[in-house]
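Asker: Just the structure for this:
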Amino acid sequence: MSTNAPIAPLSQPSRQLDEVSSTRLRKAARDFEALFVGYMLKSMRDAMPQSKLFGDGFGADMMSSMMDAELARTMTQSRSFGLAEMLYRQLTGERAGAPAPVARRAPVSVRALASPPSQAPPSVRQRVNAYDTIIREAADTLGVKRSLVKAVIASESAGDAAACSAKDAKGLMQLLDSTASAMGVGDIWDPRENIFGGVRYLRTMLDRFGGDTTRAVASYNAGPGAVERHDGIPPYRETREYVERVMRYLSVFEEEESNDGR
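Answerer: Numbers count the residues shown, from 1 in each chain. Model (predicted):
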């Protein structure tokens, strides 16, 4: 293969991608970055004296390779080294945006908790409302209030379909792989499948707690077992703040629905 082929400049005209294609391309770019980082880690390990952590032999090499791959994946999901962004811009001419919402979810929640519902970040509402058609379909099909679905999405991912947390929760409603599988989600990065899976799980929690929205929301964050053990919202700071945040967003989206006459 020739190495003299011209490379397209990063300033090439932007290619407009739909949300699903953009999300998948961002994920592919991050995965490629993880592979590259894994290769670098392996090269560094090969240049160092042999570690006895896993012993000797083929099994040791396999365990070392698996550890490098997992470390690379964790490193690139918690922050970007720039390669994923470069690849995305090379292919589309657009910025990929923040590849992991972990760093920016905190300020979003702080603003939401510190502000009255009417002053919730408009950018979050706009991103969530961009999926209004899917949310309506999922909510109406599964019998969950649309405003509650939007409130959970806003609190979980701030409306970012490419969101991936430090705990490996993915997509708009931040599903773990195990939850997604249990809810029948085939492609966790497909916004429609992800939202349907999240709403289906939320419906399950509502049924489990007799329609109690507060307990269902708490169980979405901490798990139904914790809610049952404590007979209500568990005394975890993260869960209490999460429930409060969802309730604030719920008020925001209920007001929107009222104003729109829906």
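Asker: Give me the buried stretch members for the helix or strand encompassing F253, please.
Answerer: For F253, the host element (DSSP states H and E) is helix 237-260. In terms of neighbour count (16 or more other Cβ atoms under 10 Å), helix 237-260 has its buried residues at 239, 241-254. Yep, even glycine has a C-beta here, placed from its N, CA and C like the rest.
Asker: What is that helix packed up against?
Answerer: For helix 237-260, the helices and strands in contact under the criterion 3 or more Cβ pairs under 8 Å, 6 or more residues apart in numbering; DSSP states H and E are helix 102-114, helix 122-129, helix 146-157, helix 213-222.
Asker: Compare those helices and say which comes out lowest on pLDDT.
Answerer: Ranked by mean pLDDT, those bottom out at helix 102-114, with a mean of 34.
Asker: Where does pLDDT dip in this structure?
Answerer: Residues of the chain meeting the criterion pLDDT under 70: 1-27, 29-30, 33-122, 261-262.
Asker: so where do the helices sit in it?
Answerer: 19-46, 58-78, 83-92, 102-114, 122-129, 132-142, 146-157, 177-182, 191-208, 213-222, 224-229, 237-260 (DSSP state H).
Asker: Verify the contact between A151 and E255 for me.
Answerer: No: using Cβ atoms under 8 Å as the test, A151 is too far from E255 to be in contact (11.5 Å).
Asker: how is the chain carved up into domains?
Answerer: Following automatic domain parsing, the chain resolves into domains at 19-92, 102-260.
Asker: list the contacts for V152?
Answerer: Taking Cβ atoms under 8 Å, 6 or more residues apart in numbering as the contact definition, V152 lies against 173, 198, 202, 217, 220, 246.
Asker: If we only consider the residues you listed, which is nearest to S147?
Answerer: Distance to S147, by Cβ to Cβ, is smallest for V246 among these, at 10.6 Å.
Asker: The closest one: what's it in contact with?
Answerer: 148, 151-152, 155, 217.
Asker: what about it, distance to I233?
Answerer: V246 sits 11 Å away from I233, going by Cβ to Cβ, to the nearest Å.
Asker: likewise M205?
Answerer: Taken as Cβ to Cβ, the span from M205 to I233 is 13 Å.
Asker: Overlap of the contact sets of those two?
Answerer: R215.
Asker: quick revisit: got CSV for the contacts of V246, with distance to A138 too?
Answerer: Formatted as CSV, the contacts of V246 follow (distance: Cβ to Cβ, whole Å):
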residue, distance to A138
L148, 11
A151, 14
V152, 11
S155, 17
V217, 17
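Asker: Need the buried ones from these selected in ChimeraX.
Answerer: Per 16+ other Cβ under 10 Å, the buried members of the contacts of V246 correspond to this ChimeraX selection:
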select :148,151,152,155,217
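Asker: Show me which pair in the contacts of V246 is furthest apart.
Answerer: L148 and S155 (10.6 Å).
Asker: sorry, back to before: may I see the contacts of V152 organised as CSV, with distance to G184 added?
Answerer: Shown next, in CSV, are the contacts of V152 (distance: Cβ to Cβ, whole Å):
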residue, distance to G184
M173, 14
G198, 12
L202, 14
V217, 22
Y220, 17
V246, 24
